[in-house]
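1. Model the following, please.
(4 chains)
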2 protein chains.
Amino acid sequence: MSGNKIRNMEEFAALSGISRPTVSKYFNNPESVRASTRARIEAALEEHDYRPNIYAVNQNRRLTKNIGIVVPYLADPFFAEIARKLELRCIEAGWSPILFSAHGEKDLEVDILDSLRSMKPAGVLLAPLGRISDRGVIEKFCRDVPTILFDSNLDGIGEAFVGSDNFSFVSQSVEYLTRTGNPPVLFEMFHPANPNANKRRKAYMSMMDRLGFDPQIFQAEGHGWGFEEIGYKEGLRFLDQKPAQTDTVLCSNDRLAIGFLSACFERGIQVGRDENCTLRVAAHDDHPFSRFTCPSLTTVAHDYDQVSNKVIEMLFQLIESGGHFESRSEHLYPAKLVLRSSA
Amino acid sequence: MSGNKIRNMEEFAALSGISRPTVSKYFNNPESVRASTRARIEAALEEHDYRPNIYAVNQNRRLTKNIGIVVPYLADPFFAEIARKLELRCIEAGWSPILFSAHGEKDLEVDILDSLRSMKPAGVLLAPLGRISDRGVIEKFCRDVPTILFDSNLDGIGEAFVGSDNFSFVSQSVEYLTRTGNPPVLFEMFHPANPNANKRRKAYMSMMDRLGFDPQIFQAEGHGWGFEEIGYKEGLRFLDQKPAQTDTVLCSNDRLAIGFLSACFERGIQVGRDENCTLRVAAHDDHPFSRFTCPSLTTVAHDYDQVSNKVIEMLFQLIESGGHFESRSEHLYPAKLVLRSSA
DNA sequence: ATGAAAAGTTTACGCGCGTAAAGTTTTTGT
DNA sequence: ACAAAAACTTTACGCGCGTAAACTTTTCAT
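-> Predicted coordinates:
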């Protein structure tokens, strides 16, 4: 790389000995120019390190190479992990992922969609906040920008939805717990942050009914995304009101369970499936940390890879289809029971 | 909002009854125009919802309103939490934060800086990977783009560094542990991901020396960012080789401790400061989840707020100074001992 | 009321690149 | 070797906005 900075494509084209329109063509698609000229351009690129001005490029494109990725709460390791997978896939395929977190706030989600719209992204992967999302805004956004929904479904919104099958989670956990012990109480939030919680409650009711047991639900108070804290505080309340009826708790998700297990430990309650244990605890999601709880958490795992693969696949299909599908499709993947020590 | 879409500022200016240069001035700084014209523009804005094309805007600016935020590993809740704070601050102040994660990979960090450079950001907040960072690339980047380093310091690179004082962490933990029990073994990684680990080891050595104890260090094998896994596996190894000399373990960071506590639980070792406990465990960082370990983790906390406040303060100062400080400064904040149950 | 200062208007150019059109050179198949 | 096809060059315009210059209108203090 020689030191002299190149101002624009004109200058770079001159240095490479190729005309500017051809150089422009090269940057849009290196395969679109003859191998010999490609070689000359790349030789010049080695020497002078020039990159097209992204703002000038994007101004003239109807769509950019940007992919928006929006998650409801990035400080939740579950979303951090999914976002990581999605980002890497986009990069591999030559797109520029731009990551946003709504930080659990409705207004921020709206702002994000707003600025995303003006970014002219080729496509957007959106995991909405869910219950508190501004449905109208999201609907409008999805009409203007090619969007795949994931994690939380919003009926009829977006070109497609990809996620895990909540019934699959709950049917497996309830089946396992009842088969190997007593029917579980469902420990969930009274104000769940996203629609998956509701689907899990329904699945629980239906499974318990099918198996001939009475459903029992404990609803934890609390708002927001501090699930561990809620699981802990309300776990203490749950334990202290001594629900003699059961020795088995099924938490709606792993983060609640992390807090709940912490409460059990504090109350000196032995959790697990050994004889000396008095409580079994299971949950759903297979949170990155649930291997390291004490005891390690028996849970039902998302098929992270399948889901993220499908999200990416649908996105690329959508882009190739010009941003619109004939009809909206929903893709649900079954979950996998992960037996650990807690139940 | 009327339905007719506005193509550009020219059209919008016509609709608002104000000339385009004045409208342009308004969007750059609403305060820079007379209150009466501001009102007219904003009235038109209510009706027609128009937004300047960001690509055209940024093409003509030397610097944009973008702030780059780069962290080494976003799936680590510690960084997710810091990133969240920094992002929100930038948004409040009217900037557009753009979040990047190197996902623990050197090449990605390089790519990020590369694309960040062409984004003409007003400033960048960079927490480098550390040991595996390509120092030359980062140095060059910081010469071209106004950058504040945080979390991991790289000597002499960037306009300033803001972080926590590693000596403060270790001096407090070691002082507390020795005062209330026996001197601790340091449990750390042999290949630490970032320079803070080295500083903590040095601080440990120096503190032990000062207090007249023999330092003992256990170095865990393993690479990468799966600290909990490493803490767990190597924790088992540590426990199984029965180091009779000590009943106190100081983990270099909380994530290692989360895995280590999991190993203790599996081996049936009671951790804590009660009489019936045989091991005390403490660590550093005050990871978001360390309140919920079993037992809850005694640790030394970053002053998250002070650090993120200072990072933001330095960033805005840097921007106002035109992107360069007279001299590089380092700002280290003391940590705070957090007593919980594990030690 | 009056003149200077402040703010707005009109006109014009430039930013760096996409891309169309017409003409020229190189490649390809036969 | 030759014509057709493919690739490239030259020329030119447009994208949407920042901004400078010269001029006109509004505001404000005296």
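2. And stretch A:307-315, what's buried?
-> Neighbour counts using 16 or more other CB atoms under 10 Å in any protein chain shown place A:307-308, A:310-312, A:314-315 of stretch A:307-315 among the buried residues. Glycine gets a C-beta too; all of them are placed from N, C-alpha and C.
3. Quickly check: that stretch near chain B or not.
-> No: against chain B, stretch A:307-315 shows no contacts by CB under 8 Å from any CB of the partner chain, the least distance being 13.4 Å.
4. could you pull out the strands for chain A?
-> Taking DSSP state E as the test, the strands found in chain A are A:66-71, A:96-101, A:123-126, A:147-150, A:160-164, A:185-189, A:217-220, A:248-251, A:280-285, A:298-301, A:329-333, A:336-338.
5. With mean pLDDT, mean neighbour count and distance to B:Asp254 as extra columns, can I get the ones you listed in TSV?
-> Shown next, in TSV, are the strands of chain A (pLDDT from 0 to 100; neighbours: other CB atoms under 10 Å in any protein chain shown; distance: least, CB to CB, whole Å):
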stretch	mean pLDDT	mean neighbour count	distance to B:Asp254
strand A:66-71	97	23	24
strand A:96-101	96	22	22
strand A:123-126	98	28	31
strand A:147-150	98	26	30
strand A:160-164	97	23	29
strand A:185-189	96	22	26
strand A:217-220	95	18	26
strand A:248-251	97	27	23
strand A:280-285	97	26	22
strand A:298-301	98	25	22
strand A:329-333	97	15	33
strand A:336-338	97	16	24
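6. would you turn those strands into a markdown table with distance to B:Asp155?
-> What follows is those, written out as a markdown table (distance: least, CB to CB, whole Å):
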| stretch | distance to B:Asp155 |
| --- | --- |
| strand A:66-71 | 35 |
| strand A:96-101 | 30 |
| strand A:123-126 | 39 |
| strand A:147-150 | 43 |
| strand A:160-164 | 46 |
| strand A:185-189 | 47 |
| strand A:217-220 | 49 |
| strand A:248-251 | 47 |
| strand A:280-285 | 42 |
| strand A:298-301 | 43 |
| strand A:329-333 | 48 |
| strand A:336-338 | 45 |
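7. Mind checking those for the one nearest to A:Asp111?
-> strand A:96-101 (9.2 Å; CB to CB).
8. Next, the angle from that closest one to strand B:96-101.
-> 110 degrees (axes from the mean of the first three to the mean of the last three CA atoms, to 10 degrees).
9. any weak-confidence spans in the stretch 101-250 of chain A?
-> The stretch 101-250 of chain A contains residues with pLDDT under 70 at A:243-245.
10. Could you find the closest non-adjacent residue to A:Ser171?
-> A:Met207 (5.4 Å; CB to CB, 6 or more residues apart in numbering or on different chains).
11. do you know how far that neighbour is from DNA strand C?
-> 54 Å (CB to the nearest atom of the strand, to the nearest Å).
12. just checking, that residue touches A:Gln172?
-> No: A:Met207 lies out of contact with A:Gln172 (CB atoms under 8 Å); the separation is 9.4 Å.
13. Which parts of chain A are helices?
-> With DSSP state H applied, chain A shows helices at A:9-16, A:20-28, A:35-48, A:54-60, A:77-92, A:106-117, A:135-144, A:166-180, A:195-211, A:227-240, A:254-266, A:304-320, listed in chain order.
14. out of these, nearest to B:Glu81?
-> For B:Glu81, the closest of the helices of chain A is helix A:77-92, at 10.5 Å, according to CB to CB.
15. Output the contacting helices and strands for that closest one.
-> Applying 3 or more CB pairs under 8 Å, 6 or more residues apart in numbering or on different chains; DSSP states H and E, one finds that helix A:77-92 contacts strand A:66-71, strand A:96-101, helix A:304-320, helix B:77-92.
16. Count the residues that sit near the closest residue to DNA strand D within the stretch 201-343 of chain A.
-> DNA strand D sits closest to A:Gly323 of the stretch 201-343 of chain A, with a gap of 18.2 Å, by CB to the nearest atom of the strand. By other CB atoms under 10 Å in any protein chain shown, 15 other residues sit near A:Gly323.
17. for A:Ser133, same thing?
-> 23.
18. swap in the one 3 residues further on?
-> Residues within reach of A:Gly136, counting by other CB under 10 Å, total 9.
19. Ok, the one 5 residues further on next?
-> Other residues within reach of A:Phe141, judged by other CB under 10 Å, total 23.
20. related to what we said a few turns ago, residue contacts, the residue nearest to A:Ser171?
-> A:170-171, A:174-175 (CB atoms under 8 Å, 6 or more residues apart in numbering or on different chains).
21. Going by distance to A:Tyr55, which of the residues you listed wins?
-> A:Val170 (48.7 Å).
22. tally of neighbours for the closest residue in space to that closest one that isn't next to it in sequence?
-> Among residues not flanking A:Val170 along the chain, A:Ala203 sits closest, at 3.7 Å (CB to CB, 6+ apart). A:Ala203 is flanked by 21 other residues according to other CB under 10 Å.
23. and the stretch 201-343 of chain A, which of its residues are near chain B?
-> So far as CB under 8 Å from any CB goes, the stretch 201-343 of chain A lies against chain B at A:228-229, A:232, A:258-259, A:261-262, A:265-266, A:288-289, A:291-296.
24. residues from the stretch 1-150 of chain A in reach of DNA strand C?
-> A:7-10, A:20-21, A:24-25, A:27-28, A:34, A:36, A:52-53, A:56-57, A:59-61 (CB under 7 Å from any atom of the strand).
25. give me that answer again for 10 Å
-> Residues of the stretch 1-150 of chain A lying close to DNA strand C by CB under 10 Å from any atom of the strand are A:6-13, A:19-29, A:34-37, A:50-63.
26. Buried only: go through the residues you listed for me.
-> A:6, A:9, A:12-13, A:22-23, A:25-27, A:37, A:50, A:52-55, A:57-59, A:63.
27. which of these come close to chain B?
-> A:53-55, A:58-59.
28. between those residues, which is closest to A:Gly68?
-> A:Asn58 (13.7 Å).
29. What residues does the closest one make contact with?
-> A:64, A:66, A:120, B:55.
30. Pick out the most distant pair among those.
-> Across those (CB to CB), the longest gap, 10.7 Å, separates A:Asn66 and B:Tyr55.
31. shared neighbours of these two, which are they?
-> A:58, A:120.
32. Make TSV from the strands of chain A and add distance to DNA strand D to it.
-> Shown next, in TSV, are these (distance: least, CB to the nearest atom of the strand, whole Å):
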stretch	distance to DNA strand D
strand A:66-71	17
strand A:96-101	20
strand A:123-126	21
strand A:147-150	22
strand A:160-164	29
strand A:185-189	44
strand A:217-220	48
strand A:248-251	50
strand A:280-285	44
strand A:298-301	47
strand A:329-333	33
strand A:336-338	49
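33. for these, which one sits closest to B:Phe78?
-> strand A:96-101 (15.4 Å).
34. Check whether that closest one comes near chain B.
-> Yes: on the criterion CB under 8 Å from any CB, strand A:96-101 is in touch with chain B at A:96, A:98-101.
35. Would you mind writing the CA trace of that strand as PDB?
-> Below are the C-alpha coordinates for strand A:96-101, written out as PDB (Å, rounded to 0.1, in the frame of the first residue of the first chain):
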ATOM      1  CA  SER A  96     -23.500  -6.100   6.400                       C
ATOM      2  CA  PRO A  97     -25.500  -7.000   9.400                       C
ATOM      3  CA  ILE A  98     -26.500  -4.100  11.700                       C
ATOM      4  CA  LEU A  99     -27.500  -5.100  15.200                       C
ATOM      5  CA  PHE A 100     -30.100  -3.300  17.300                       C
ATOM      6  CA  SER A 101     -31.600  -3.900  20.700                       C
END
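36. How far does it sit from its chain's centre?
-> Here strand A:96-101 is found 12 Å from its chain centre; the criterion is CA atoms, centre = their mean, to the nearest Å.
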